[in-house]
Each structure stands twice: as C-alpha cells, then as structure tokens.
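Student: give me a model of this one.
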Amino acid sequence: MKEIVTYVEMTGPDQLEPAPPVPGLRLEPLERDSPLVVDLLTRVGTPYGWRSASRTLEQWRVWFAETPDRTFGLLSFEGEPAGIVTYKPQPDDEVEIGSFGLLPEFVGKGLGGFALTLAVRGAWEVTPSVRRVWLHTSSWDHPRALPNYRRRGLRPYRTEEGERG
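Tutor: Numbers count the residues shown, from 1 in each chain. Sure thing, here's the model as predicted:
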C-alpha cells in the first residue's frame, strides 16, 4: 500500500507554538527497562501499523541494544498511562522524537496538542546542546498527526513516497 512519510523539524525551542495546558496531563521519565515501554509502544502503534506493534521479544531485545542512549517518557492523564514518547539523540546535537502517540482510548479527547507540546519541550532538554528536533510521520498515522505537528511549529523539510507492506 502507498505511504507518504513527512519529516518535520524545529531548529530552536522558541519555534514551539504550545497548545493550551490540559489539567492532569503530564510527561514523566520512563525507565527503559519498564514493561510499560513495550506495552505502550505496541498498543499505541497497533492502529497505525507501527513495526513495534508486531515485534517479537528477540526483536525488542535487539531494538533496545541498538540504541542504548534512547530515552522514554510516559504521558499520563489523571494518573493513568495515556501514551509514550521516545527520544533518540542524533549526531550534531540533534534529537529525533522516534515515537510519539496516545493509547487508542485517549485519542479524540483533546489531549494531543498539549501532549505534543510536552514531548517537544522534553526533546529540547535531552542534552544541553540540542540545536534541532525532528521526527517523521506517515500517512498511515492518525489523520490529525501532521496538522498537530504543524500547529506546534514543526516545519516539513522532506517528503518520501513509497510502498509499505
């Protein structure tokens, strides 16, 4: 099936256009060995065909081993796990937001804009010298994902078309 992947970036924290705060929505560090990491990435990604949704235990082990500097954040709403964000430091003081999303039961409840605001703020704090934050999204992701990224100040810089399957 056809897929369009759009890459978006922000080159300074002042470019963030924050969404209004949502009381009860928080972003907290999540230890990489927490069982929530695999659970959340699987559950968030299943509706959109993320590779994480179908990884075997061995594939998860390899994924964690390949990027020991990857960090994780737990999005919670009123004390309940609501989503996840992953940060992957890149060369040249860049940070990739590798994964970002809400659990299906929290989608459509008005949390996405502020959740992304928290995630982007967190990306700027991964290291003291971050100069660029970026991520990519797929046409298979939630239809409001790319508009949300743009509203928060992330600018598209590359688009790729291909086949997924």
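
Student: figure out the helix or strand that the nearest residue to Thr127 once chain neighbours are set aside lives in.
Tutor: Excluding its sequence neighbours, the residue lying closest to Thr127 (Cβ to Cβ, 6 or more residues apart in numbering) is Pro89, at 6.3 Å. (Each C-beta comes from the backbone N, C-alpha and C, glycine too.) Here Pro89 is covered by strand 80-90, with elements defined by DSSP states H and E.

Student: what does Pro68 give?
Tutor: Pro68 belongs to no helix or strand when elements are defined using DSSP H and E.

Student: list the buried residues in stretch 46-62.
Tutor: Using 16 or more other Cβ atoms under 10 Å as the burial criterion, the residues of stretch 46-62 that qualify are 50, 52, 55.

Student: of the residues you listed, which one scores lowest on pLDDT?
Tutor: The member of those with the lowest pLDDT is Ser52, at 82.

Student: quick check: it touching Ser99?
Tutor: Yes - Ser52 is within contact range of Ser99, at 7.1 Å (criterion: Cβ atoms under 8 Å).

Student: what sits in contact with each of these two?
Tutor: The contact sets of Ser52 and Ser99 overlap at 41, 45 (Cβ atoms under 8 Å, 6 or more residues apart in numbering).

Student: tell me the helix or strand right after the strand holding Pro89.
Tutor: strand 94-102.

Student: ok, residues contacting that next one?
Tutor: Residues from elsewhere that reach strand 94-102 (Cβ under 8 Å, 6+ apart): 41, 44-45, 48, 50, 52, 70, 75, 82-90, 111-112, 115-116, 119-120, 123-124, 126-127, 130-135, 141-142.
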